[in-house]
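how would this look folded up:
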Amino acid sequence: MTGGPEPLSASAREALQRQLGDLRTERDAVAATLGGSDDEVGDEADQADELQRATELDRLDARIAEIDGRLREGAVAGPPRTDAVGVGSSVTVRFADGTESALHIGELPDSRDPALVTVDSPLGRSLLGHRAGDTVTYETPGGRTTAVVVSLG
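As a prediction, the model looks like this:
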């Protein structure tokens, strides 16, 4: 991460937009369960439940604002780098066992995208800033291993 606006790949933007839609739907459902200002909250258990829902609403609002901000930042950052691996990059990697995979580097995990590698994963961190031909070393549950950046783009 450069400290400036980070670009978003098209797939990362789509994943964030899907997550934003899911969060807004969840927020609406939680908000609908909260009592209005005229409602009297019953016993202590009802009050605790109301407080828990209000806390969940605050958490959802904060995450929605975070994703909105990230989408705006990605829009002003321009396209992902093509000279070195960065957030939003698409990269082909050859692993130590000889297999190759086309991956893209993103910020947030998305279970619907098996080719996504997050920047905070061991492989993602090791790839950042590298160019085609570079060898990176990273930790796996089985120990340290290497991968070669075959190509970007």
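
Surely P79 is in contact with L8?
No: contact criterion CB atoms under 8 Å: P79 and L8 do not qualify, at 9.2 Å. Using the backbone N, CA and C atoms, a C-beta is placed for each residue, glycine as well.

Now list whatever residues contact both of the two.
Here P79 and L8 have G88 as joint contacts, going by CB atoms under 8 Å, 6 or more residues apart in numbering.

More neighbours: which of those two?
Neighbours were counted for P79 and for L8 using other CB atoms under 10 Å; L8 has more, 24 against 10.

what's the spacing between the more buried one and L123?
20 Å (CB to CB, to the nearest Å).

OK, contacts around the residue nearest to the spatial centre of the chain?
By CA atoms, centre = their mean, the chain has its centre lying nearest to L108, at 1.1 Å. By CB under 8 Å, 6+ apart, L108 lies in contact with 12, 15-16, 19, 118.

could you dump stretch 13-32 to PDB, C-alpha only?
C-alpha atoms of stretch 13-32 as PDB (Å, rounded to 0.1, in the frame of the first residue of the first chain):
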ATOM      1  CA  ARG A  13     -14.900  -2.900  -7.400                       C
ATOM      2  CA  GLU A  14     -17.600  -5.500  -8.200                       C
ATOM      3  CA  ALA A  15     -16.900  -7.400  -5.000                       C
ATOM      4  CA  LEU A  16     -17.100  -4.200  -2.900                       C
ATOM      5  CA  GLN A  17     -20.300  -3.200  -4.600                       C
ATOM      6  CA  ARG A  18     -21.800  -6.600  -3.900                       C
ATOM      7  CA  GLN A  19     -20.700  -6.400  -0.300                       C
ATOM      8  CA  LEU A  20     -22.100  -2.900   0.000                       C
ATOM      9  CA  GLY A  21     -25.500  -4.100  -1.400                       C
ATOM     10  CA  ASP A  22     -25.500  -7.000   1.100                       C
ATOM     11  CA  LEU A  23     -24.600  -4.600   4.000                       C
ATOM     12  CA  ARG A  24     -27.300  -2.100   3.100                       C
ATOM     13  CA  THR A  25     -29.900  -4.900   2.900                       C
ATOM     14  CA  GLU A  26     -28.800  -6.200   6.300                       C
ATOM     15  CA  ARG A  27     -28.800  -2.600   7.700                       C
ATOM     16  CA  ASP A  28     -32.400  -2.100   6.500                       C
ATOM     17  CA  ALA A  29     -33.500  -5.300   8.200                       C
ATOM     18  CA  VAL A  30     -31.800  -4.400  11.500                       C
ATOM     19  CA  ALA A  31     -33.200  -0.800  11.400                       C
ATOM     20  CA  ALA A  32     -36.700  -2.200  10.900                       C
END
